[in-house]
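*Asks:* quick one: sequence plus predicted model below, questions after.
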Amino acid sequence: MSLYLGIDIGGTNTELGIVDDEGRIVSSQTLSTKQHGGVFADYIDALSQQIALLIANPALTDQVVGIGIGAPNANYFSGCIEEAVNLPWVGSTPIVAELSARTGLPVILDNDANASALGEHSYGVARGLDHFVEITLGTGVGSGIYADGRLIRGYQGKAGELGHIAVGEQEEKCGCGRYGCLEASVAAPAVARRAVKLKKLCIEQGMWSALCDIPDEELTSKCVAEVALTTGDSLARQVFEETGEILGRALAQFACFSAPQAFVLFGGVAQCGDLLLAPVRTAFDKALLHIYRGTIEILLSSLPMGQAAVLGAASLARERYKQDEQ
C-alpha cells in the first residue's frame, strides 16, 4: 500500500497528514507557520523535522512515496510560493527544492484551489468525473478546473482565477483592487456585508429581523446561516438568496467555457447546504445557455472540512506517483 504526505500551508498553521489511497488520514501533525518570524530557512528546517517525526514509524517510512503541498500563490511549474500576502515570507520561496533536499522524497506543489479540486477527484464527490469545476467559497473565492481528465493549470500555472472574473456586483470593490469580481459578491466577507446592508434597510423601514439584535461586527456568514437555519428568519434567508442568485448566474457563464459535468461547491459558505444551493440552482437554470440544460449538476463537496486541505495536498503526490507508475 502506498501512502502520501499532504501538507496544507495556511497563514496561521501548517497541517500535515499521511493519507492512504482511500483518502484515510492515518497520522497527522500541526506546525505553526508564523513562529519562525518570517525566516523561510528556519520554517523549512522545522517542517522537515516535523515530517521526520511523522514518518518515524518504520511501516510509514517505507510506504510514504511522495509529498504534496497546497498553498496560496503556489506555482506548480516553478515549485515556488510567490508573493503570498497571507504568508510570512517575502518574494519567491523555493519550497519544493528545499524540502526535497531535506527529506529525500519527491515533492510537488500547487495552489490550494487546484489541490482542493484534485482532492475532490481522488477522494470526494467528483471521483470518476473527467470534467468538473470546484468552487471554494471562503474568505475568498478559489477555483480548480478539471477538464478532459486532467487539471487545467494554464501558462505559468495561473489558470483558474474564476473568483476574479467580473460577474459580481459592479459597485463592490474586490481585494485585488478591481470592481465587480465574483469574490467581492459571494465570499464570506461579502455575505457579511450583505447582511449588514439588509439589516440597515430593515431598521430604516421600521421592520424587525433576528439579525437586528446582532451587532454588525458579529454578522459573519456563519452567524447569518445559523440564524436562517434555526429560526427561518426571512432577512437572513434573503442574504443567501441574493448571494446564491449571483453565484448561480456566474456558474452559468462559467459553463460556456468548459462544459463541465458538474460544479462542486466547497468551503465555509457552502456549508449551509440548501440555504445557498437552492437559489444557486434556480439562478443557474434560468441563466444557462439552452444547449447545456439538463447536463450539468451543482454538487456540494463530500470532503470533510477539517481534513479537506490535507487530502487535497496528498492527492497531488498521489497523482504524480500514479503518473510515474504508468
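*Replies:* That came through fine.

*Asks:* just the CA coordinates of stretch 97-114, formatted as CSV?
*Replies:* Listed in CSV are the C-alpha atoms of stretch 97-114, where the atom choice follows Å, rounded to 0.1, in the frame of the first residue of the first chain:
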residue,chain,number,x,y,z
ALA,A,97,13.7,22.2,-3.9
GLU,A,98,14.4,22.8,-0.3
LEU,A,99,12.0,20.2,1.1
SER,A,100,13.0,17.6,-1.4
ALA,A,101,16.7,18.0,-0.5
ARG,A,102,15.9,17.6,3.2
THR,A,103,13.6,14.7,3.0
GLY,A,104,14.8,12.7,0.0
LEU,A,105,11.2,12.4,-1.2
PRO,A,106,9.7,13.7,-4.4
VAL,A,107,7.7,16.9,-3.7
ILE,A,108,5.0,18.5,-5.7
LEU,A,109,3.4,21.9,-5.1
ASP,A,110,0.2,23.6,-6.3
ASN,A,111,-2.1,26.4,-5.2
ASP,A,112,-4.7,25.4,-2.7
ALA,A,113,-7.7,25.7,-5.0
ASN,A,114,-6.1,23.3,-7.5
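
*Asks:* flag every buried residue along that stretch.
*Replies:* Residues 98-100, 102-103, 107-114 are the ones in stretch 97-114 that count as buried (16 or more other Cβ atoms under 10 Å). Using the backbone N, CA and C atoms, a C-beta is placed for each residue, glycine as well.

*Asks:* taking the residues you listed one by one, which sit in helices?
*Replies:* Secondary structure defined by DSSP state H assigns 98-100, 102-103, 112-114 of these to helices.

*Asks:* which stretches in the stretch 201-326 of the chain count as helices?
*Replies:* With DSSP state H, counting those that start in this stretch, the ranges of helices along the stretch 201-326 of the chain come out as 221-231, 234-258, 274-287, 308-325.

*Asks:* so what touches the shortest one?
*Replies:* By Cβ atoms under 8 Å, 6 or more residues apart in numbering, the list of residues contacting helix 221-231 from outside reads 188-189, 191-192, 195, 210-211, 214, 233, 236-237, 239-240, 268-269, 271-272, 275.

*Asks:* related to what we said a few turns ago, which one of the buried residues of stretch 97-114 is nearest to Ser2?
*Replies:* Ile108 (14.5 Å; Cβ to Cβ).

*Asks:* give me the residue at the spatial middle of this structure.
*Replies:* Thr136 (3.9 Å; Cα atoms, centre = their mean).

*Asks:* what sits closest to it if chain neighbours are left out?
*Replies:* Leaving out its chain neighbours, the residue that sits closest to Thr136 by Cβ to Cβ, 6 or more residues apart in numbering is Gly142, at 4.0 Å.

*Asks:* and the helix or strand hosting the one you found, C-alpha only, in CSV?
*Replies:* Gly142 belongs to strand 141-147 when assigned by DSSP states H and E. Taking Å, rounded to 0.1, in the frame of the first residue of the first chain, the C-alpha atoms of strand 141-147 are listed here in CSV:
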residue,chain,number,x,y,z
VAL,A,141,-13.3,32.5,-4.0
GLY,A,142,-10.9,30.0,-5.5
SER,A,143,-11.5,27.5,-8.3
GLY,A,144,-9.9,24.4,-9.8
ILE,A,145,-10.8,23.3,-13.3
TYR,A,146,-10.8,19.7,-14.3
ALA,A,147,-11.3,19.0,-18.0
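
*Asks:* what comes up buried for it?
*Replies:* When burial is assessed from 16+ other Cβ under 10 Å, strand 141-147 yields the following buried residues: 141-146.
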